[in-house]
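>>> I need the structure of the sequence given here:
(one chain, ligands or ions: 1)
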Amino acid sequence: MDDLAPLPALATGTAAPAILDIQGVGKRFAFGTETITALSGATLRIPKGEFVCLIGPSGCGKSTLLRMIAGFESVSEGTLLMAGRHVAGPGPDRGMVFQDYGLFPWLTVRQNIGFGPAARGRPRAEVAATAARFLEMVGLDRFAEAYPHQLSGGMKQRVAIARVLANQAEVVLMDEPFGALDAMTRENLQRELLQIWESTQLTVIFVTHAIEEAILLAGRVVVMSPGPGRIVADERIPLPRPRDPTGVEFNALRRHLAALLGSRH
Ligand SMILES: Nc1ncnc2c1ncn2[C@@H]1O[C@H](COP(=O)(O)OP(=O)(O)OP(=O)(O)O)[C@@H](O)[C@H]1O
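Numbers count the residues shown, from 1 in each chain. This is a model prediction of the structure:
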C-alpha cells in the first residue's frame, strides 16, 4: 500500500505480530511560541481482533493518539507500526468514526456506505454488493435512499460505522462515537457494535470518557492522564459478555478504574 512505507527488515519473531505496535510514541504541537506535549512515551501492543478502550480526562491525548494511528497526525517521537509497517498517512485499512458522524450530506445512505470502494475504482457491481451487505449489517436497508439529514443521530452513526466496514478497514478507530446520543440509543449501538465486532475480525480502538462504557465494551482498558498525556494503566476486563453493569465484579472494576483515574466517577 503506498501510504504505508515498508520497513527495510521486518521482525520475524515467533510471537504473533501485533496489528498495531506503538513504541514510545509522543506528539508535540507548536502553539504560538510554545510547544505543547500532547502525548509522551505511549507504548501499546495491540493484537488483531482486540477491543481496546482509551479512557482519561480531557486533554490527556486520547484523540491525538487515535489521530496518529489514523495517519492524520505525524509522530513526533517513537515508532507507530500498523501490520509491521510505519504509519505514514491515512489509509483504508484504518477507519475513523467521529462523534459528529462526518457523513457526506449530499450522498444517500447507500452512496455514503459505498463511497470508499467507489473512490478506489472498484467495479460498480462490487460497490453495490458491498453497500448492500453493510446496509443490512447495520439494519438500514429501508433507509438506503435517504440523505443524512433525514436520519436520527443513532442512524447516522450506523451509517458511519458501515462506511468504515465497507472500506475493508482492519482497525476501526472510534472517537467518543456515542457521546452525542441519548442513553437508549447509545445502549442499542453499544450492543450492535459488539455484535459486529464479534462477527468480524475487526480490531477496535474506542475513546470514551465513560468508565461504564469502557467496561461494557472492552477486552482491555488503557487509562491515560494529562500534562503531558501518558498511559498510566493497561487493564484487562475479564468479564464474559454480555456484561451486567449492576454486577458485583462490574462494580469492582468501575471502582478500580475510577481510582486509577484519580477521580470520583
Ligand atoms: N492541533 C493542535 N495544536 C495544538 N495543541 C493541540 C492540538 N491538538 C491537540 N492539542 C493539545 O494536545 C492535548 C491533548 O489533546 P487531545 O485532543 O488529544 O486530548 P483528549 O484526551 O482527546 O481530550 P478530550 O477528551 O477533551 O477530547 C491538549 O492539551 C490539546 O490542547
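>>> Return the residues of the stretch 101-250 of the chain in contact with the ligand.
Contacts of the stretch 101-250 of the chain with the ligand, taken as C-beta under 6 Å from any ligand atom, map to residue 229. (C-beta placed from N, C-alpha, C; glycine too.)
>>> could you redo the last one with a cut-off of 8 Å?
Taking C-beta under 8 Å from any ligand atom, the part of the stretch 101-250 of the chain that reaches the ligand is made up of 175-176, 207, 209, 224, 226, 228-229.
>>> Would you mind checking these for buried ones?
175-176, 207, 224, 228-229 (16 or more other C-beta atoms under 10 Å).
>>> Take the residues you listed and lay them out in a markdown table including secondary structure and pLDDT.
As requested, those are exported to a markdown table (DSSP: H, G, I helix; E, B strand; the rest coil; pLDDT from 0 to 100):
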| residue | secondary structure | pLDDT |
| --- | --- | --- |
| 175 | strand | 95 |
| 176 | coil | 93 |
| 207 | strand | 97 |
| 224 | strand | 95 |
| 228 | coil | 90 |
| 229 | coil | 94 |
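>>> ok, which stretches of this protein are helices?
62-70, 109-119, 124-137, 153-166, 183-199, 211-217, 248-261 (DSSP state H).
>>> Quick one: residues contacting residue 75.
By C-beta atoms under 8 Å, 6 or more residues apart in numbering, the contact list for residue 75 reads 25-27, 68, 87.
>>> and the ligand, which of those residues reach it?
Counting by C-beta under 8 Å from any ligand atom, residue 27 from the contacts of residue 75 sit close to the ligand.
>>> Tell me which residues of stretch 162-178 come out buried.
162-167, 169-178.
>>> likewise stretch 238-246?
Neighbour counts using 16+ other C-beta under 10 Å place residue 243 of stretch 238-246 among the buried residues.
>>> for that stretch, the distance to its chain's centre please.
Relative to its parent chain, stretch 238-246 has a centroid offset of 21 Å by C-alpha atoms, centre = their mean, to the nearest Å.
>>> Span of it from start to end?
Using C-alpha to C-alpha, to the nearest Å, the gap from the first to the last residue of stretch 238-246 comes to 16 Å.
>>> Quick one: residues in contact with it.
With C-beta under 8 Å, 6+ apart as the contact definition, stretch 238-246 has outside contacts at 191, 194, 198, 212, 215-216, 247, 249-250, 253.
>>> do that again at 6 Å, thanks
In this structure, residues lying in contact with stretch 238-246 by C-beta atoms under 6 Å, 6 or more residues apart in numbering are 212, 216, 249.
>>> Setting aside sequence neighbours, what's the nearest residue to the residue in the stretch 151-265 of the chain that the ligand sits nearest to?
The stretch 151-265 of the chain approaches the ligand most closely through residue 229 (5.5 Å), counting by C-beta to the nearest ligand atom. In space, not counting the residues next to it along the chain, residue 229 is nearest to residue 61; the distance is 2.5 Å by C-beta to C-beta, 6 or more residues apart in numbering.
>>> Tell me how many other residues crowd the one you found.
If you count neighbours by other C-beta atoms under 10 Å, residue 61 ends up with 27.
>>> Settle this for me: it is touching residue 37, isn't it.
No. The pair formed by residue 61 and residue 37 falls short of the contact definition of C-beta atoms under 6 Å, at 8.8 Å.
>>> center of the chain, which residue is that?
Nearest to the mean C-alpha position of the chain, counting by C-alpha atoms, centre = their mean, stands residue 173 at 1.9 Å.
>>> hang on, it packs against residue 66?
Yes. Residue 173 is in contact with residue 66 according to C-beta under 6 Å; the separation is 5.0 Å.
>>> Need the residue in this structure that's farthest from the chain's center.
In the chain, counting by C-alpha atoms, centre = their mean, residue 33 sits farthest out from the average C-alpha position, at 32.5 Å.
>>> what's the pLDDT at that residue?
pLDDT for residue 33: 91.
>>> ok, now which ones touch it?
Under the criterion of C-beta under 6 Å, 6+ apart, residue 33 has no contact partners.
>>> Need the helices of the chain in a markdown table (columns: mean pLDDT).
Supplementary listing: those in a markdown table, determined by pLDDT from 0 to 100:
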| stretch | mean pLDDT |
| --- | --- |
| helix 62-70 | 96 |
| helix 109-119 | 95 |
| helix 124-137 | 93 |
| helix 153-166 | 92 |
| helix 183-199 | 91 |
| helix 211-217 | 96 |
| helix 248-261 | 95 |
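>>> Thank you kindly, that will do.
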